[in-house]
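Undergrad: The sequence and its predicted three-dimensional model are supplied below.
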Amino acid sequence: MVNVTASENHIEVRELRLSYGVKEVIHGISFDIRRNEILGVIGPAQSGKTSLLRCLNRTIDFTPDTHVSGTITVDGEDVRRVRNVYALRRKIGMVAPLPVGLPLSIYDNVAFAPRSAGLNRKGELDLMVEQCLRQAALWDEVKDRLDSLGTKLSGGQQQRLTIARALSHQPEILCLDEFSIAIDPVTTMRIEDVLKELRRHMTIILVTNLTQQARRLADRTMFLWKGEIVELDTTNVIFSDKPRDSRTRDYVEGIFG
C-alpha cells in the first residue's frame, strides 16, 4: 500500500441519496476518494454497495423509477450534469461480479470499445489489445489464440478478459463489484496482484463481501450498512481491535453479516 494521506481527492460525494420507487436505499452519505488509492467498500448484502457504484458512473440511469439527490463530483465535475454520459462511463470503468464476455473473439472483446470510439488502425489496435491483456495478466495465456471465442475461456480467464475490456476504455477510475465471487482462490490472488499494479495509474473502488480481501488490498475501507456509512478509515484502523464503532469490529470478525 502507498501513503495516501495527503493525496488529492479524485471523487467527492456529498449527501448522496438513492431511492428505488418509494424505498430509499442510500441515506445521505458523504465521503471522498483519493487519487490512486484503493478504497475498499464492505458490508452485508442489501447495504447499497452496488447501488453506490452505479450512481458513480450513472448506470443507475438504466433502472426505472429511481431518484438520486446530492452530488458526486469527479475531478470537480458533477456527474449528474455531464453532457456526455458515455465519456463519463469510459472514465469510470466497471467490472461486474460475473464475467460477461461478448460473443466475439478474445481480440475483438478488447478492441470493441476502442473501435466504437474511432480507433481503426490495426497496428494501434494490436498494441492496445496486447497492453490491456498484459495489464490483466492474461496475455501469456491467450496470445496464441486471440481469434478464439472469449466465451470459451475458463471463468477466471473470462473475468480477467472483462478487466482487460474495462481497461480498453483507458479509465481513470476502476470500480470492481465482487469480482471474485465466481472464480477460484488462485485466480483471485492473480487478479489482486493485477490491482496492486493498476493502482499506480488509476483510482480503484473495490466492493467486496470478502473482508480479508479489503484488508489485503485497500488503503482505506468503508463499512456501509443499510445505506449508511458506519465507518470510513484507514484499513489498519478498520481491521484493528479498536475501530471507532463496535459494529465495525463485529462485522469484520464475522459476528454478523
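TA: Cool, got the structure.

Undergrad: so residue 256 is in which element?
TA: For residue 256, there is no helix or strand it lies in under DSSP states H and E.

Undergrad: any idea which element residue 187 lies in?
TA: Using DSSP H and E, the secondary-structure element containing residue 187 is helix 185-198.

Undergrad: Residues contacting that helix, please?
TA: 38, 135-137, 155-157, 159-160, 163, 167, 174, 176, 179-180, 183, 204, 206, 213, 216-217 (CB atoms under 8 Å, 6 or more residues apart in numbering). C-beta here means a position set from N, CA and C on the backbone, and glycine is covered the same way.

Undergrad: Can you flag which of those residues belong to helices?
TA: 135, 155-157, 159-160, 163, 167, 213, 216-217 (DSSP state H).

Undergrad: need the helices for the stretch 1-150 of the chain, in chain order.
TA: For the stretch 1-150 of the chain, the helices defined by DSSP state H, counting those that start in this stretch occupy 49-56, 85-91, 106-116, 122-135, 139-142.

Undergrad: export those to a markdown table and tack on distance to residue 67 and mean neighbour count?
TA: Output for the helices of the stretch 1-150 of the chain, formatted as a markdown table (distance: least, CB to CB, whole Å; neighbours: other CB atoms under 10 Å):
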| stretch | distance to residue 67 | mean neighbour count |
| --- | --- | --- |
| helix 49-56 | 11 | 22 |
| helix 85-91 | 17 | 16 |
| helix 106-116 | 30 | 20 |
| helix 122-135 | 36 | 16 |
| helix 139-142 | 43 | 15 |
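
Undergrad: Export those helices as a markdown table, with columns for distance to residue 100 and mean pLDDT.
TA: Below are the helices of the stretch 1-150 of the chain laid out as a markdown table (distance: least, CB to CB, whole Å; pLDDT from 0 to 100):
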| stretch | distance to residue 100 | mean pLDDT |
| --- | --- | --- |
| helix 49-56 | 15 | 97 |
| helix 85-91 | 15 | 91 |
| helix 106-116 | 10 | 93 |
| helix 122-135 | 17 | 94 |
| helix 139-142 | 18 | 96 |
